[in-house]
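Trainee: Pasting the sequence and the predicted model now:
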Amino acid sequence: MPSALINVPKKAKRGDIIEIKTLMSHIMETGYRHTASGDVVPRDIITSFTCRFNGTEVFRADLYPAIAANPFITFFTTVTESGKFEFEWIGDKGFSETASASITVE
Amino acid sequence: MAVTRHPTRRDVVRGAAAVAAAAGLARPSLAQAAPRVAVIGGGFGGAACARALRRLNANLQVTLIEPNKTFTACPFSNEVIAGLREISAQQFSYDRVAADGITVAAQAAIKVDAQARSITLADGTTLSYDRLVLAPGIDMHFDALPGYDEAATEKMPHAWKAGEQTLLLRRQLEAMDDGGLVVIAVPAAPLRCPPAPYERASLIAHYLKANKPKSKILVLDAKDNYSQQKLFEKAWAELYPGMIERIALSQGGRVTSVNPTTNEIVTDFGNYTAAVANVIPPQRAGRIAEIAGAADHTGWCPIDPVTFASKLVPNIHVIGDAAIAGGIPKSASAAAAQGRACAAAIVNALADKAPETPRLDGACYNTVAPGYAFSLKGIYQPKEDQYAEAEVTTSPVDAPREVRQREADEAVEWFRTITGDAFG
């Protein structure tokens, strides 16, 4: 099962507002729960999500324990040229995932 | 009050409120005028409630308002889709209900005036009530799924109300070429009969395995987990290996729009073209609940769990799929149990007696192939202000086929019992 799902339009017209959807499979363990024996279940969350277009950051989100498992992040942006969206998720325990998608602007 | 514990402040308040509500009714001043109870909706909940009302108090004037002359039951209708059963085995008349002394009005209720305590029927006649029970079941929430509307159901059947839709889906499967893709779109909770999409996938797989073995089933699901999941997954691996694929919510399975012209189904992350598209849309309480003012912003009806009294409108009770009943699944046998408990609460209220705390039984059988079934049985009781599971038993995941066979036989018996109670 791929851990990252992304949905970026393959084509757009210059200046179009496009919707980007992402979903990252992740447990998002809050760090507030205890096991039956009373031990704290250590926090294990994604802390940061970044989207860059042709190397320039266009969207960023900081994530916190209140965010549910498998964060689904969707946002809008405008495109003025063809290029590549790069996505990066960073989290606890050295978690790091990337994904990318290209768009052709006509 | 039939509680074994000491009454709490809440019980006392609730009892007092019920008495006050009963006293507040414009009661007939003459003793011979019998209280009038109307029930809208002749499904398992409504029929069970109407009959229980007459059984508990033969003096009540009970009217059952239901536009369909024949009831078509949903439980076992997945077998009709798979060609294992005829629709006639699902159909029941209201003759025996009427024989209990219940007036059956074969009309749709189009308006409820809660203040005047009157109902307007489709033919323009009105009738007054002292208490009204709403048992309207579900309606498809068309606004909640772009591309899906009444017309789209003719192309992409939901088959989530048994009848013509059930037969349409069956005909589409029969007409499909071998190798076709059957897509089942499953909405997020709450929905009628939560495990039924998976029973349906199983029985369609049974039909395809025998008749069109190159075909596949794709379940696009707006949920991650579902009722009796392990049992279904085991059965699929055993009976239909490689035939059923499911994409869960966290894998991008939530359907966001459909196109009935092209038979396309779109999710957040994918686009699928179906040979046969079974689109089960989001649902809400039957329309009359909203008209009566009993449905809230969720589209469902909040109730007092002890009496089934609406929290939004006076003198109206809501039972079955339309009600927000906490841990109780929206199922036929739970609706019937609610109908009987609601009848008891109404009879008590009309007699100025405090309500008894109900303890409801619900059972749900899933048949995944002829002679292979499993079940979930629950007991539900009010807790705080909502229904909670007091006890739930699910069939063991590792059981020999004899157990599955026995449960398949029990399922048939269960269907005979619940339909007999409601319509026999």
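Mentor: Received, thanks.
Trainee: Pull the contacting residues for the residue of chain B found nearest chain A.
Mentor: In chain B, no residue comes nearer to chain A than B:S250, which is 3.9 Å away by C-beta to the nearest C-beta. No exception for glycine: its C-beta is placed from N, CA and C like everyone else's. For B:S250, the contacting residues are A:23, A:25, A:69-70, B:224, by C-beta atoms under 8 Å, 6 or more residues apart in numbering or on different chains.
Trainee: Put together a markdown table for these, with pLDDT, secondary structure and neighbour count on each row.
Mentor: Below are the contacts of B:S250 laid out as a markdown table (pLDDT from 0 to 100; DSSP: H, G, I helix; E, B strand; the rest coil; neighbours: other C-beta atoms under 10 Å in any protein chain shown):
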| residue | pLDDT | secondary structure | neighbour count |
| --- | --- | --- | --- |
| A:L23 | 96 | strand | 23 |
| A:S25 | 93 | coil | 15 |
| A:A69 | 94 | coil | 13 |
| A:N70 | 94 | coil | 20 |
| B:D224 | 94 | coil | 13 |
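Trainee: will you turn those residues into JSON lines that also has distance to B:K234?
Mentor: What follows is those, written out as JSON lines (distance: C-beta to C-beta, whole Å):
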{"residue": "A:L23", "distance to B:K234": "28"}
{"residue": "A:S25", "distance to B:K234": "24"}
{"residue": "A:A69", "distance to B:K234": "25"}
{"residue": "A:N70", "distance to B:K234": "25"}
{"residue": "B:D224", "distance to B:K234": "18"}
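Trainee: all strands for chain A, in order.
Mentor: A:4-7, A:11-12, A:17-24, A:46-53, A:56-62, A:72-78, A:83-91, A:96-105 (DSSP state E).
Trainee: With the stretch 201-350 of chain B instead?
Mentor: B:216-221, B:244-247, B:255-259, B:264-267, B:271-273, B:276-279, B:283-285, B:301-302, B:316-318, B:323-324 (DSSP state E, counting those that start in this stretch).
Trainee: just these: most buried one?
Mentor: strand B:316-318 (a mean of 30; mean count of other C-beta atoms under 10 Å in any protein chain shown).
Trainee: From the centre of chain A, point out the most distant residue.
Mentor: Here the centre of chain A is the reference, and by C-alpha atoms, centre = their mean the most remote residue is A:S37, at 34.2 Å.
Trainee: can you pull the pLDDT of that residue?
Mentor: pLDDT for A:S37: 95.
Trainee: How about the residues of the stretch 101-250 of chain B by chain A?
Mentor: B:224, B:249-250 (C-beta under 8 Å from any C-beta of the partner chain).
Trainee: quick revisit: I'd like to know which of the strands of chain A lies nearest to B:D296.
Mentor: strand A:72-78 (26.1 Å; C-beta to C-beta).
Trainee: tell me the contacts of A:L63?
Mentor: A:28, A:45-49, A:71, A:91.
Trainee: circling back: make a markdown table out of the strands of the stretch 201-350 of chain B and add mean pLDDT.
Mentor: A markdown table is the format used below for the strands of the stretch 201-350 of chain B (pLDDT from 0 to 100):
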| stretch | mean pLDDT |
| --- | --- |
| strand B:216-221 | 98 |
| strand B:244-247 | 98 |
| strand B:255-259 | 98 |
| strand B:264-267 | 98 |
| strand B:271-273 | 97 |
| strand B:276-279 | 98 |
| strand B:283-285 | 98 |
| strand B:301-302 | 98 |
| strand B:316-318 | 98 |
| strand B:323-324 | 98 |
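Trainee: Kindly reformat those strands as CSV and extend each row with distance to B:R55.
Mentor: Putting those into CSV (distance: least, C-beta to C-beta, whole Å) gives the following:
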stretch, distance to B:R55
strand B:216-221, 41
strand B:244-247, 44
strand B:255-259, 44
strand B:264-267, 47
strand B:271-273, 50
strand B:276-279, 39
strand B:283-285, 27
strand B:301-302, 25
strand B:316-318, 17
strand B:323-324, 22
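Trainee: Only alpha carbons, please: show stretch B:279-298 as PDB.
Mentor: The C-alpha coordinates for stretch B:279-298 follow below in PDB (Å, rounded to 0.1, in the frame of the first residue of the first chain):
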ATOM      1  CA  VAL B 279     -23.900   3.700  -5.700                       C
ATOM      2  CA  ILE B 280     -25.000   3.700  -2.100                       C
ATOM      3  CA  PRO B 281     -25.300   7.400  -1.300                       C
ATOM      4  CA  PRO B 282     -25.200   9.100   2.000                       C
ATOM      5  CA  GLN B 283     -28.600   8.900   3.800                       C
ATOM      6  CA  ARG B 284     -30.800  10.800   6.100                       C
ATOM      7  CA  ALA B 285     -34.100  10.300   7.900                       C
ATOM      8  CA  GLY B 286     -37.200  10.000   5.700                       C
ATOM      9  CA  ARG B 287     -38.400  13.300   4.400                       C
ATOM     10  CA  ILE B 288     -41.500  13.600   6.600                       C
ATOM     11  CA  ALA B 289     -39.200  13.700   9.700                       C
ATOM     12  CA  GLU B 290     -37.700  16.900   8.500                       C
ATOM     13  CA  ILE B 291     -41.200  18.300   7.500                       C
ATOM     14  CA  ALA B 292     -42.400  17.500  11.000                       C
ATOM     15  CA  GLY B 293     -39.400  19.300  12.500                       C
ATOM     16  CA  ALA B 294     -38.100  16.200  14.100                       C
ATOM     17  CA  ALA B 295     -34.800  16.000  12.200                       C
ATOM     18  CA  ASP B 296     -31.800  18.100  13.200                       C
ATOM     19  CA  HIS B 297     -28.900  19.500  11.200                       C
ATOM     20  CA  THR B 298     -27.400  16.000  10.800                       C
END
